[in-house]
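Trainee: how would this look folded up:
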Amino acid sequence: MDKVRFKLGIIVGAAILPVSPLWSRTVDPAATVVGEDGSPVASDPATPQVSQHATKAVPLVLGQRRKGDETWQPLVDDGVTLALNYTGEAAANVTGGLARKAAYTGQIYVGADFDFDKIAGIGGGGLHLAITNRHGQSLSQIAIGNNTSVQEVWGTQNTHLAILTWEQRLFDNRLDIEAGKSQANIHFLNSPLYCNFQTNSACGNPTFVFKNSNFTYFPASSWMARAKLTIADNWFAHAGIYEVNPNRKRADDNGFSLSFKGGTGFIVPYEIGYASDFKTDRLPRHYILGGWVDRGDYADPLFDDRGGIAILSGRPYATRKGRSGLYARFDQMLTRPDMNSHRGLAVFGVAMTNLSGRVEERHFLELGLLQTGTFAGRDRDTIGFVINQQSFSDLAMARMRAARLSAGGDGDIRRNQYMMELAYGAQIGPAIRLSPNIQYILNPDQTGAPFRKTHIGNALVFGFKFTVDAPTLIAMARRD
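Mentor: Okay, the predicted model is just below:
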């Protein structure tokens, strides 16, 4: 036992040392609490208070080296896989929106996966740890005024404990259980295809779920538990329960609190579906039916606590409880010319609707294409296009119409907002990925400028996303 404790001390110390410079970053107490995908709550308090839900490094299988040993993992044989990466996203709108501006946001991700089979002989057991630091501004917030950011790694702009969970695999890995502090959106309703794009309407999850529920999002962690069962080959059932705690979404919250104080309920996401990968299928695919039952508090989209229209009265929005929704999603590889490569064309889509509750949006539709392998010798490059539709509820339309009429404008409110993106992903060596992109927002809603008298102009946005993986860079330097 002393030997195990000694080994644990070395491993934990090695994992935490790279994190320490982040702890000293201060949080601006005057930072604005944000609403849906970057819109200031002060402008439209009816909007559910959620910001962005984030890109996270996909953990390796416990203790596994990457193919070709491309990453520097000095403790992998002792059961520890380290992660340290940076994602940056720049965006500028050249037409439309509220003003011509540019914005930049970034994220540092530091994490470690501990394989307790190797560390202490606990078969199938693992501990996951991640801390993030986010910084920068949202272009949608400062210059466009719509409800969904064009930069995905924005929101919870401080140093945050993002993941602290124990995972246990049982019955020859057919049952996977995880509990601790984490988020629903990294376990449900996501796909590795989505974050080949920068728009937050698609990456890291279809945005509808954050408008119509308390679906928890990365890196704002709360207490949770989930279980995934392999029913038969490629068929699975997955469900979880996640604490709903508005304190975790505050701009001045650092996520390190272990308290349940401030919790208002819970949300239960669930999925059942079919999933295959490149090892088990010539043309990998996912077909999934899922949904959520939300038993946390939320703000009514229209009425205040006395039954008036809150955006006009200035009174607090009425507190409601109980919402639910349903979704169907898929991705399908269409072509794969070389069985020894991941090159080929894939299509993906999502349809989402509300089932109960008083909500911001009535439905969401998304369709995308992604080609992996573009030019000769560029097998890991991608080019993709995604388009989605957000359709606002009658309650949201009534709120927006009331605000515009009170300002002297007309009541011609557009129900459907369309966001689209064309993106190229260039893999520059094994450690760096660059992704220039062009985004277009048709019919931007006025969440960020509710008393504007006329429509916000359609926005054309040029973006640039990049990621850098530090362990891979270190491995390259060591080989040189």
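Trainee: State the distance from Phe466 to Gly265.
Mentor: Counting by Cβ to Cβ, to the nearest Å, the separation of Phe466 from Gly265 is 38 Å. No exception for glycine: its C-beta is placed from N, CA and C like everyone else's.
Trainee: again with Leu82
Mentor: 36 Å.
Trainee: And the two? Which one has more around it.
Mentor: More crowded of Leu82 and Gly265, by other Cβ atoms under 10 Å: Leu82, with 21 against 15.
Trainee: wouldn't that one be in contact with Leu75 here?
Mentor: Yes - with contact defined as Cβ atoms under 8 Å, Leu82 reaches Leu75; the gap is 6.9 Å.
Trainee: can you tell me which helix or strand the closest residue to Tyr274 other than its chain neighbours belongs to?
Mentor: In space, and not counting its chain neighbours, Tyr274 is closest to Tyr287: 4.8 Å by Cβ to Cβ, 6 or more residues apart in numbering. Tyr287 is part of strand 285-304, with elements assigned from DSSP states H and E.
Trainee: for the next helix or strand after that strand, which positions count as buried?
Mentor: For strand 285-304, the succeeding helix or strand toward the C-terminus, using DSSP H and E, is helix 310-313. When burial is assessed from 16 or more other Cβ atoms under 10 Å, helix 310-313 yields the following buried residues: Ala310, Ile311.
Trainee: next one: stretch 75-93
Mentor: In stretch 75-93, counting by 16+ other Cβ under 10 Å, buried: 75-76, 78-85, 87-93.
Trainee: Which of those residues fall within strands?
Mentor: The strands, defined by DSSP state E, take in 80-85, 87-93 from the buried residues of stretch 75-93.
Trainee: Can I get those residues in JSON lines including distance to Leu367 and pLDDT?
Mentor: Shown next, in JSON lines, are those (distance: Cβ to Cβ, whole Å; pLDDT from 0 to 100):
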{"residue": "Val80", "distance to Leu367": "41", "pLDDT": "95"}
{"residue": "Thr81", "distance to Leu367": "35", "pLDDT": "94"}
{"residue": "Leu82", "distance to Leu367": "37", "pLDDT": "94"}
{"residue": "Ala83", "distance to Leu367": "32", "pLDDT": "95"}
{"residue": "Leu84", "distance to Leu367": "35", "pLDDT": "95"}
{"residue": "Asn85", "distance to Leu367": "29", "pLDDT": "96"}
{"residue": "Thr87", "distance to Leu367": "25", "pLDDT": "97"}
{"residue": "Gly88", "distance to Leu367": "28", "pLDDT": "97"}
{"residue": "Glu89", "distance to Leu367": "23", "pLDDT": "98"}
{"residue": "Ala90", "distance to Leu367": "26", "pLDDT": "98"}
{"residue": "Ala91", "distance to Leu367": "23", "pLDDT": "98"}
{"residue": "Ala92", "distance to Leu367": "26", "pLDDT": "98"}
{"residue": "Asn93", "distance to Leu367": "24", "pLDDT": "96"}
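Trainee: Pick out whichever of those residues sits closest to Arg380.
Mentor: For those, the minimum distance to Arg380 (Cβ to Cβ) is 16.4 Å, reached by Asn85.
Trainee: before we move on, the earlier item: tell me the one of the ones in strands among the buried residues of stretch 75-93 nearest Ile177?
Mentor: Nearest to Ile177 among those, counting by Cβ to Cβ, is Thr81 at 20.0 Å.
Trainee: my read: the closest one touches Ala112, true?
Mentor: Yes - if you go by Cβ under 8 Å, Thr81 and Ala112 touch, sitting 6.8 Å apart.
Trainee: How about Thr71, nearest residue that isn't a chain neighbour?
Mentor: Spatial nearest neighbour of Thr71, excluding adjacent residues (Cβ to Cβ, 6+ apart): Pro471 at 4.2 Å.
Trainee: for the stretch 351-480 of the chain, what spans make up the strands?
Mentor: Remark: strands assigned in the stretch 351-480 of the chain by DSSP state E, counting those that start in this stretch are 361-372, 382-392, 416-428, 432-442, 457-469.
Trainee: give me the number of residues near the closest residue to Ala398 other than its chain neighbours?
Mentor: In this structure, Ala398 finds its nearest non-sequential neighbour in Leu302, 5.5 Å apart by Cβ to Cβ, 6+ apart. The tally of other residues near Leu302 (other Cβ under 10 Å) stands at 23.
Trainee: same check, this time on Asn388
Mentor: Close neighbours of Asn388, defined as other Cβ under 10 Å, add up to 24.
Trainee: And for Trp166?
Mentor: 16.
Trainee: same question, the one 10 residues further on
Mentor: Close neighbours of Asp176, defined as other Cβ under 10 Å, add up to 18.
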